[in-house]
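> quick one, fold the following:
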Amino acid sequence: GGVVGLINNCNSNNKAAIIKGCTFTGTIVAPYADNLGGILGLSQYDYPLAPVISDCVVITEKMEFGYENFGFSQDWNSGFGGIAGNLYSNKNNAECASTVTNCYFAGNMYIMECSTKGVQNQNIGGIVGASCSQPKTYENCQFDGMIIGTAKRKGGLLARTLDTMTAKNCVVTGIVLNGD
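Now for the predicted structure:
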């Protein structure tokens, strides 16, 4: 990620991270990344608390992802998002729910052509790429960018969720080319 690459092993002994008030204004080219986000690449956590991302801004001319990654074989474990690539928990209950609030993305997200013929990238979202196995809340987020390239799942807010998702006051003013 532009600010944090990986948050791992959050549990009752290792409290989850709070990412608040961060800004990223650079360029990211990550052809071999499994998960990529303008603020956070991947969070992987357990009960009781999940990471919280709030009041973050990403402004970029270029974020590029997807030439070769682990997600080609396990699509649930790969994501590319304007704010967070993949929010993943080993538990699937409400106590593990994470939130993304008051976040803004403006820029271009490029999905690279995969190195393996016949394979495509999986989860590309304007705010979050993949959200796995527990409830999430997205509130007051805005995607004002462009997603360019081919992927199995794309969305202006979120590409893939495996559980309950709540979106409140979110706005997509950008463009998702060939969106799902």
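> what is the least confident helix or strand in this structure?
Ranked by mean pLDDT, DSSP states H and E, the helix or strand of the chain with the weakest confidence is strand 4-10, at a mean of 75.
> sheet partners, orientation included, of it?
Under the criterion DSSP bridges, strand 4-10 sits next to strand 40-45 (parallel) in its sheet.
> neighbouring contacts of the helix or strand just after the strand it pairs with?
Downstream of strand 40-45, the first helix or strand assigned by DSSP states H and E is strand 52-54. With CB atoms under 8 Å, 6 or more residues apart in numbering as the test, strand 52-54 has contacts from 16-21, 39-40, 83-84, 98-103. Bear in mind the C-beta positions are built from the backbone N, C-alpha and C, glycine included.
> then stretch 147-159?
Here stretch 147-159 has contacts from 66, 75, 79-81, 108-113, 120-131, 138, 141, 143, 160, 165, 167, 170, 172, 174-180, using CB under 8 Å, 6+ apart.
> looking at those residues, which are in strands?
The strands, defined by DSSP state E, take in 79-81, 108-111, 121-125, 128-131, 138, 143, 160, 165, 167, 172, 175-176 from the contacts of stretch 147-159.
> which of those are buried? Put it as a ChimeraX command.
Selection of buried members from the ones in strands among the contacts of stretch 147-159 for ChimeraX, criterion 16 or more other CB atoms under 10 Å:
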select :79,80,81,108,109,110,111,121,122,123,124,125,128,129,130,131,138,143,160,165,172,176
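> what about stretch 25-32, average pLDDT?
The pLDDT scores in stretch 25-32 average 93.
> that should have said stretch 77-84, apologies.
89.
> same deal with stretch 134-145?
pLDDT averaged over stretch 134-145 gives 90.
> flag every buried residue along it.
134-136, 138, 140-145.
> distance to Tyr88 for these - can I get that in JSON lines?
Below are those laid out as JSON lines (distance: CB to CB, whole Å):
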{"residue": "Gln134", "distance to Tyr88": "9"}
{"residue": "Pro135", "distance to Tyr88": "13"}
{"residue": "Lys136", "distance to Tyr88": "11"}
{"residue": "Tyr138", "distance to Tyr88": "16"}
{"residue": "Asn140", "distance to Tyr88": "23"}
{"residue": "Cys141", "distance to Tyr88": "19"}
{"residue": "Gln142", "distance to Tyr88": "24"}
{"residue": "Phe143", "distance to Tyr88": "21"}
{"residue": "Asp144", "distance to Tyr88": "26"}
{"residue": "Gly145", "distance to Tyr88": "23"}
